[in-house]
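>>> The sequence and its predicted three-dimensional model are supplied below.
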4 protein chains.
Amino acid sequence: MGSFLFPRTPSGRASLIPSPPWHYSGEMITVEYRTHPDLVSELIPEGATLDDDDPGAVALIWADWQSTGDDFSELVDPVRSQYKECFAVIRCRWEGETWSRCPYIWVDKDFALVRGYHQGYPKKLGDIWMTRPVTVGRAGPRLEEGGVFGATLSAAGRRIANARIELTAPAEGPGFVNAHPMLHNRFWPAIESDGSASMDELVTMRGYDGEVADVWAADAQIELFESPSEELARLEPLEVIGGYYHRVGVSWKGGTTLRRDQGGESVG
Amino acid sequence: MGSFLFPRTPSGRASLIPSPPWHYSGEMITVEYRTHPDLVSELIPEGATLDDDDPGAVALIWADWQSTGDDFSELVDPVRSQYKECFAVIRCRWEGETWSRCPYIWVDKDFALVRGYHQGYPKKLGDIWMTRPVTVGRAGPRLEEGGVFGATLSAAGRRIANARIELTAPAEGPGFVNAHPMLHNRFWPAIESDGSASMDELVTMRGYDGEVADVWAADAQIELFESPSEELARLEPLEVIGGYYHRVGVSWKGGTTLRRDQGGESVG
Amino acid sequence: MGSFLFPRTPSGRASLIPSPPWHYSGEMITVEYRTHPDLVSELIPEGATLDDDDPGAVALIWADWQSTGDDFSELVDPVRSQYKECFAVIRCRWEGETWSRCPYIWVDKDFALVRGYHQGYPKKLGDIWMTRPVTVGRAGPRLEEGGVFGATLSAAGRRIANARIELTAPAEGPGFVNAHPMLHNRFWPAIESDGSASMDELVTMRGYDGEVADVWAADAQIELFESPSEELARLEPLEVIGGYYHRVGVSWKGGTTLRRDQGGESVG
Amino acid sequence: MGSFLFPRTPSGRASLIPSPPWHYSGEMITVEYRTHPDLVSELIPEGATLDDDDPGAVALIWADWQSTGDDFSELVDPVRSQYKECFAVIRCRWEGETWSRCPYIWVDKDFALVRGYHQGYPKKLGDIWMTRPVTVGRAGPRLEEGGVFGATLSAAGRRIANARIELTAPAEGPGFVNAHPMLHNRFWPAIESDGSASMDELVTMRGYDGEVADVWAADAQIELFESPSEELARLEPLEVIGGYYHRVGVSWKGGTTLRRDQGGESVG
């Protein structure tokens, strides 16, 4: 069958996502902060270690995206192209290199959810909102010093994160935590549901043709809230490192499997 | 009580909307087309007549807004600031002047719904999507010749309008149909539900401090679809006049009651 | 025009709600509790007084409804028939009688929102969830002693109320707070937005052909949470009176205007 | 890590779904109809054949569920327990036995989506609505002869299926199409996105402790509608076999992998 993903049909038209490459254009609000390094340590892959340099650094990032497959058809039916997400990023060392890793992420569309599963992002559904910059009128900040933006995340009807940034000056780049190739697990338990895995991979990926524009540094505040079904608040903010606004364009066509445990083996 | 609107409390904090002024910044996609003038005639106020000049002209407009009260607090909790809408506009003559009028409109937030009721817009909830222009990456049009945008409207789980525009050249303004002061009815039946009205007003309103930017003319296509609970498709597109993209900022602090039928009188 | 409500058209088909009578069938979870009487006092109409008997009593009620106009067409397109709501009820004395009154209410559909405005309910949109009783399987309580139900309310991405009830015994009726004719305000400011009102009414209403079934008393717990745009939590629970589950069917065809301030008069 | 599924953490609390067993209680509306057998043939696994007996039979089933893990905690936070789904079922022969198979399915919560992926259901998000039977009031059918129910499915803002059933008589069981063990594929492409698969399994599963109640046969009507991103309408209804309403309770604790292609092998 010609489908990249299920539902798999001869034509492939019903597939939740088309074959890569996939293209993305969006804007992001980033807050970098420090938590207890032990809490970061809980979330890195087996065999990885904390980065010596700022081991408790976390980025919480909101993004408002348009995305599309390579025939660009979703762009004119924007319910299938636009989505928002909020995700945490931490860093670790593995095999002599530094990696970024996303332990928690929420999106608001199904195509973004499963595209994330393909890339090793542990996505859930959430409600994500970000202030947008404006160029006319009074209902929004300008991309200029003093521009104030809010960003919020809710899941299962509970607010679980609030951020607020105030732009200070143009910046070279939007922080250091989400700056490395991603080190992700792709995991699916066997249907036997007995502790064995059908898929248990360590993978890496990164986009291509990346473009960044309108990068601003910002003063930042962040609040995380408890939920019975979430653990984001466990990554307690001890000290804000900084905030950023930027626009980004990027394409993606595949990643690399670094380590694969064969189906049927037990998982820890 | 200090509330502008219900729920009314001493502090006014719970009010669905704060006191005006209200400020708006957003972007709009407009398709102007001609329908049968008789169908426009059905939707204009008692006492008004069709405009002699292009009497069957209709604008179907999509807008993606940020809005805020005068303390600007909603802007940093953007779930309470951002909303999208799609609305039809027709024109009529009344007392020697030309007016714009909105017979149908859908929004996706409660504060926008009731703010609309205050202004005489007959709002319903809908799902509204519009392609956004981008400046980086491949997932979206640029504001330049050839940029293609889609806009869609669904209500009660049914697609009821699709539009597609392709930018051709910068333009002076975004069309002529939504260019006049609005002539709206504000209507509420008496709780007796016996055909009498508690509020039956003809009102006008228009914003202030309007700013328009990035106006582009476009080739346009539009499709309207039937629904058992909607009548938008009755305004059948016979001929497209043109399409537009533009950004707009505007503030609003009140309108004028043109004609008021006292509570208790019967309505036609 | 033949429409009961806007959008008003010759056929009336697009009207947000059909002409009454309206019919409702649903199930309800009720928690009655006591708050500071002064907080109830803030929310009763001008000229009304607290009830001497249990003046701080509040009911917080969740309901899961099917509703329909008199041609019953919504019932087979259930997106236009089903909705959930959560509302607070208090009591007061006015002109020698005892009344129930709803100061806060949230629903999840537009037709329920505006139908509420017609009846004087100060409705907002919210996300409302209630456990349902089951008769087969293990995923739900039975209508029997020990059956446990949860009920939650969120608005603007924030959880604002949680309730939990555990059935104890069949009961005669579902509490005393929501047991009187409603005393509601119907209020709309003039479009001039200058403090004058276009509609400012004190109304009463109550359903007909009411049927109640499966009434159970319950032990109850309730939690209210703060939100910057809500004041429900101000009605602080000091002591739970009791909880109830019941099913209800009712029809509605109109109410009575008790007092009407003419359009144009100032409001307090 | 102790999580059944991602996000994987030491406590397992954030996992999208808890470890099985999972328990379900719900109600279902079923329409069975015949389509062209060739269209069924397109959707069965490699190596399977059509059933000789009524090869073009399809069931389209709507379900309104409560579900929970084995600690029953979701039941009192019903946003995490309740969901609706609509799914198509076909049949095939494989290795001498008859199987049911779900080629298309939509749900409205993330936990139901990924729980389905674990079981081999190719789930997407959709908006699903079903009339509920009532016992009081006029806003709903009774479980009795002549009771009329509607069921609808929308995805990406487009209505893609409508059904209507009218109860005729109590029945032994709710049809024959969804009556066999499921024969599902579990499939995930390798992150290399080069046509190889990381997981490509043929699995079977079925619940335990099933209970069925209130089974009614019904006259049925069904309509399917086109969408650019769906292929359900390709299973064109040629002749309705029958309709059913029933309640069901069931638990699930695992399935069986029938065939597994090792990671890295190419997929057809």
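Ah, there it is.
>>> Can you report phi and psi for residue A:72?
Note on residue A:72: its backbone torsions stand at phi 60, psi 20 [degrees, to the nearest 10].
>>> That one: how many residues sit nearby?
15 (other C-beta atoms under 10 Å in any protein chain shown). For the C-beta atoms, the positions are set from N, CA and C on the backbone; glycine is no exception.
>>> ok, now residue A:172?
7.
>>> Confirm for me that it is in contact with residue A:215.
Yes. Assessed by C-beta atoms under 8 Å, residue A:172 is found in contact with residue A:215 at 7.0 Å.
>>> Which residues are in contact with the closest residue to residue A:205 other than its chain neighbours?
Once flanking residues are discounted, residue A:205 sits nearest to residue A:255: 3.0 Å by C-beta to C-beta, 6 or more residues apart in numbering or on different chains. Residues near residue A:255 by C-beta atoms under 8 Å, 6 or more residues apart in numbering or on different chains: A:119-120, A:182, A:203-206, D:191-193.
>>> Which one of those residues is nearest to chain C?
For the contacts of residue A:255, the minimum distance to chain C (C-beta to the nearest C-beta) is 26.2 Å, reached by residue A:119.
>>> ok, back up a step: relative to residue D:82, how far out is the residue nearest to residue A:205?
As judged by C-beta to C-beta, to the nearest Å, residue A:255 and residue D:82 stand 36 Å apart.
>>> and which of the contacts of residue A:255 is nearest to residue A:88?
When the contacts of residue A:255 are ranked by distance to residue A:88 (C-beta to C-beta), residue A:182 comes first, at 12.6 Å.
>>> May I have the phi/psi pair for the closest one?
Dihedral pair for residue A:182: phi -80, psi 140, per degrees, to the nearest 10.
>>> one step back: out of the contacts of residue A:255, which are inside helices?
Among the contacts of residue A:255, the residues falling in helices (DSSP state H) are residue A:119.
>>> Buried members of the contacts of residue A:255 into ChimeraX, please.
Entered in ChimeraX, the line below selects the buried ones among the contacts of residue A:255, by 16 or more other C-beta atoms under 10 Å in any protein chain shown:
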select /A:119,120,182,203,204,205 /D:191,192,193
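>>> Could you list the low-pLDDT ranges of the stretch 151-268 of chain A?
A:262-268 (pLDDT under 70).
>>> Name the residue of the stretch 51-200 of chain A that lies nearest to chain B.
Closest point on the stretch 51-200 of chain A to chain B, by C-beta to the nearest C-beta, is residue A:137, at 1.8 Å.
>>> so that residue sits in a helix?
No. Using DSSP: H, G, I helix; E, B strand; the rest coil, the assignment for residue A:137 is coil, not a helix.
>>> burial count for it?
Look at residue A:137: counted by other C-beta under 10 Å, it has 25 neighbours.
>>> quick one: contacts for it?
B:23-26, B:209, B:211, B:248-251.
>>> Buried only: go through the residues you listed for me.
B:23-26, B:248-251.
>>> Can you show me the strands along the stretch 151-268 of chain A?
Ranges of strands in the stretch 151-268 of chain A, per DSSP state E, counting those that start in this stretch, are A:158-170, A:182-189, A:197-205, A:208-224, A:239-252, A:255-261.
>>> tell me the phi and psi of residue A:40?
phi -70, psi -40.
>>> So it versus chain D, what's the distance?
12 Å (C-beta to the nearest C-beta, to the nearest Å).
>>> interface residues of the stretch 101-250 of chain A facing chain D?
Within the stretch 101-250 of chain A, the residues that sit near chain D (C-beta under 8 Å from any C-beta of the partner chain) are A:103-105, A:109-110, A:113, A:117-120, A:122, A:124-125, A:156-157, A:185-194, A:198-199, A:201, A:203, A:205, A:228-232, A:234.
>>> Please name the residues that touch the residue positioned nearest the centre of chain A.
For chain A, residue A:87 is the residue whose C-alpha lies nearest the centre (C-alpha atoms, centre = their mean; 4.2 Å). Contact analysis of residue A:87 by C-beta under 8 Å, 6+ apart lists A:60-61, A:63, A:102, A:104-106, A:121.
>>> what residues does the stretch 151-268 of chain A put near chain C?
A:152, A:154, A:157-159.
>>> Going along the chain, name the helices of the stretch 51-200 of chain A.
A:110-119 (DSSP state H, counting those that start in this stretch).
>>> thinking again about what came up before, can you select the buried ones from the residues of the stretch 101-250 of chain A next to chain D in PyMOL?
Per 16+ other C-beta under 10 Å, the buried members of those correspond to this PyMOL selection:
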select buried, chain A and resi 103+104+105+109+110+113+117+118+119+120+122+124+125+156+157+185+186+187+188+189+190+191+192+193+198+199+201+203+205+229+230+231+232+234
